[in-house]
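>>> Turn this into a structure:
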Amino acid sequence: MGAQLHRDERGTPRTVAALAVALGIGIVSSLAAGFASATSPAAGEAEPGLVRAALAEPRELGRGTLRFFGMRVYEAVLWAAGAPRAVTPEQVMAPLDRDLVLELVYATSLSGARIAERSDQEIGRQPDRGSAAERANWLARMRAIFPDVRAGDRITGIYRVGGPTQFLLNDKPLGEVNDPAFGRAFFGIWLDPRTSEPALREALLRGLVAGAAAGARAADSPVSAPAR
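A predicted model of the protein is given here:
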């Protein structure tokens with residue numbers, strides 16, 4: 001799930017270490033083999049019942065595709081709870097004030113160990129990155145939870161404000177990290193303004209941005225006096 005492409009042995013045809021952010025970014029794949037296309041349904045459409053179970057009145061905030069040199073790594077879709085409403089620009093900058101579901105449908109194979117390690121590096125970029133002891137514990141949990149994935153696999157992360165962060169692979173539970181600080185740091189990989197993939201963040205938060213614009217227009221609109 002995430003956001004920065006990291007290349008090893010730049011310019012060689014043998015190895016590309018692609019994006020290693022959280023559940024989706026830590027990929028070492030052969031250029032000769034190329035990137036496979038995802039064969040499962042599109043993200044956000046594969047199992048709407050799962051989203052409904054995790055969120056009250058779920059709505060899609062946005063979706064985007066992560067690409068590396070034009071090749072698709074995964075499609076991501078972000079869901080939030082509650083009906084659409086006007087939000088402030090401040091809420092767009094800090095969207096982790098609500099329960100969220102992030103789904104990734106992969107278009108290539110990823111190593112679970114690499115995913116965990118790169119996720120830890122990306123969490124280290126976040127303002128809420130935790131202490132050294134917390135980070136060590138989070139990394140151990142991610143190594144235990146994150147599986148190797150293949151093209152077509154779907155990983156779902158469920159963020160609950162003040163609660164645990166849960167992970168599923170193709171709708172089957174993988175495990176959880178019962179530390180609210182981890183949830184903020186992990187989802188911040190995609191949603192914090194300092195993410196390494198700002199274009200993907202913008203796509204995922206499109207629904208909030210639209211709500212902020214609507215709220216600004218409403219605030220600027222003159223109030224008409226009642227007719228007499």
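
>>> mind listing the helices for this protein?
With DSSP state H as the criterion, the chain has helices at 48-54, 89-93, 112-123, 132-145, 180-191, 198-204, 206-220.

>>> Deepest in the core, which of these is it.
helix 180-191 (a mean of 24; mean count of other Cβ atoms under 10 Å). Glycine gets a C-beta too; all of them are placed from N, C-alpha and C.

>>> relative to helix 112-123, how tilted is that helix?
90 degrees (axes from the mean of the first three to the mean of the last three Cα atoms, to 10 degrees).

>>> Averaged over its residues, which helix or strand of this structure has the lowest pLDDT?
Every helix and strand of the chain was ranked by mean pLDDT, DSSP states H and E. The lowest is strand 26-29, at a mean of 35.

>>> For the spatially closest residue to Arg125 that is not a sequence neighbour, which residues are in contact?
Leaving aside its sequence neighbours, Arg125 sits nearest to Arg194 (Cβ to Cβ, 6 or more residues apart in numbering; 6.5 Å). Residues near Arg194 by Cβ atoms under 8 Å, 6 or more residues apart in numbering: Arg125, Gln126, Pro127.

>>> which among those residues gets closest to Val177?
Using Cβ to Cβ, Gln126 is the member of those that lies nearest Val177, at 14.7 Å.

>>> residues contacting that closest one?
With Cβ under 8 Å, 6+ apart, Gln126 has these contacts: Arg184, Ala185, Gly188, Ile189, Asp192, Arg194.

>>> With Thr165 instead?
Per Cβ under 8 Å, 6+ apart, neighbours of Thr165: Gly157, Ile158, Tyr159, Glu176, Val177, Asp179, Phe182, Gly183, Phe186, Phe187.

>>> quick revisit: out of the helices of the chain, the one nearest Arg63 is which?
helix 198-204 (6.5 Å).

>>> Give me the helices and strands touching that closest one, please.
Other helices and strands packing on helix 198-204, by 3 or more Cβ pairs under 8 Å, 6 or more residues apart in numbering; DSSP states H and E, are strand 58-68, strand 71-81, helix 180-191.

>>> In a markdown table: those, plus mean pLDDT.
Formatted as a markdown table, the helices and strands packed on helix 198-204 follow (pLDDT from 0 to 100):
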| stretch | mean pLDDT |
| --- | --- |
| strand 58-68 | 90 |
| strand 71-81 | 90 |
| helix 180-191 | 94 |
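
>>> could the ones you listed go into a markdown table alongside distance to Ala203?
Below are these laid out as a markdown table (distance: least, Cβ to Cβ, whole Å):
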| stretch | distance to Ala203 |
| --- | --- |
| strand 58-68 | 3 |
| strand 71-81 | 8 |
| helix 180-191 | 10 |
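
>>> nearest to Pro95, of those?
Here helix 180-191 is closest among these (Cβ to Cβ), at 5.3 Å.

>>> packing partners for the closest one?
Helix 180-191 is packed against strand 71-81, strand 100-106, helix 112-123, helix 132-145, strand 154-159, strand 165-169, helix 198-204, with contacts defined by 3+ Cβ pairs under 8 Å, 6+ apart.
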